[in-house]
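> Have a look; sequence and predicted model below, questions after that.
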Amino acid sequence: MAQSTIEHRETSGTFSLDGGTWDVDNNVWVVGDDQGCVVIDPAHDLDVVADAVGSRTVEKILLTHAHDDHAGLAVEAAGRFGAPIFLHPDEQPLWKLTHSEPAPSFHRLTDGFQLPVGDATLTVIHTPGHSPGSVCFYSQDLEWNGASPVVFSGDTLFQGGPGATGRSYSDFPTIIASITDRLLVLPKDTVVLTGHGDSTTIGAEAPHRQEWIDRGE
C-alpha cells in the first residue's frame, strides 16, 4: 500500500456571521494515498480542491466546524465527489445558518472516533470554543515537510494563539480549556496544520498560553 500523504491548497472567499462579512483565505487539506483520500474543509473553490484530489476517489468530506467559509460548499462537494459529509453534531445550529436542510449522507463525528485514510489514521479530538462542535484531526502516521505527528486544527489553534471567539456560538474560556486539555498535551513536535495562515507546532505555541489568557478574546 502506498504511503498516505498530505496535499495543501489555499482558497479565497468570504466568511459571514452575525451580520458581518470578511475576506478570508482558507487552507484546504487533502489526505490519502494514490487511490483514495479525504478532504478537510473544502472551501470556496471546488476546482482547486479537485486539482488536489486528482484521479483519486474521495472517501469522506471532513469538516472541522460549520462556519460558512469551511462548510458552505460541503453539500456541493459531496455531490461532486460522491462522498459523505462528516461533522460533529453540536455544529447543527451553525450548519442551519448556512444550509436550510441537513447534510445529505451526514455522518456524526465524535470525540475519539478513528478514521482510516490509506495507511494512516485520523483521530477526532473535540475542541469546542470557536464553535460548539469544533474538532481537530490528529495523526501519528502522517508527515508534513518531513515532520510528524500532525494535527489539523481548523480554527481552534493558529500560529499565535486560539481562534476567534467574539461571535455567536463561541466562548473564550472554552477554547482555552480545549487547547490546554486536548491540544497542548500532544507531543511538542506535533505540526499544527491550521484552517487559515501558516502552520506551527504545539511546542511553539504552548509557552504563550498565559499571554492568550491575559489578552482575552
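Right, received. Where do you want to start?

> I'd like to know which helix or strand in this structure has the lowest mean pLDDT.
For the chain, counting by mean pLDDT, DSSP states H and E, strand 106-108 ranks last in confidence among helices and strands (a mean of 87).

> neighbouring strands for that one, and are they parallel or not?
Strand 106-108 has the following strand partners under DSSP bridges: strand 85-87 (parallel).

> what comes up buried for the strand it pairs with?
Taking 16 or more other CB atoms under 10 Å as the neighbour-count basis, strand 85-87 is seen to contain the buried residues 85-87. C-betas here are computed from N, CA, C, even on glycine.

> Stretch 11-22 too?
Quick answer for stretch 11-22 (16+ other CB under 10 Å): 11, 13, 15-17.

> Pull the distance from that stretch to the chain's centre.
The chain centroid and the centroid of stretch 11-22 are separated by 17 Å under CA atoms, centre = their mean, to the nearest Å.

> Dump it to PDB, restricted to CA.
In PDB, the C-alpha atoms belonging to stretch 11-22 read as follows (Å, rounded to 0.1, in the frame of the first residue of the first chain):
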ATOM      1  CA  THR A  11      -8.600  29.200  -1.500                       C
ATOM      2  CA  SER A  12     -10.000  32.700  -1.100                       C
ATOM      3  CA  GLY A  13     -13.600  33.900  -0.400                       C
ATOM      4  CA  THR A  14     -15.600  35.300   2.400                       C
ATOM      5  CA  PHE A  15     -16.800  34.500   5.900                       C
ATOM      6  CA  SER A  16     -20.200  35.800   7.100                       C
ATOM      7  CA  LEU A  17     -21.700  35.700  10.600                       C
ATOM      8  CA  ASP A  18     -23.700  38.000  12.900                       C
ATOM      9  CA  GLY A  19     -24.400  40.400  10.000                       C
ATOM     10  CA  GLY A  20     -20.800  40.900   9.000                       C
ATOM     11  CA  THR A  21     -18.700  39.700   6.100                       C
ATOM     12  CA  TRP A  22     -15.000  39.400   5.900                       C
END
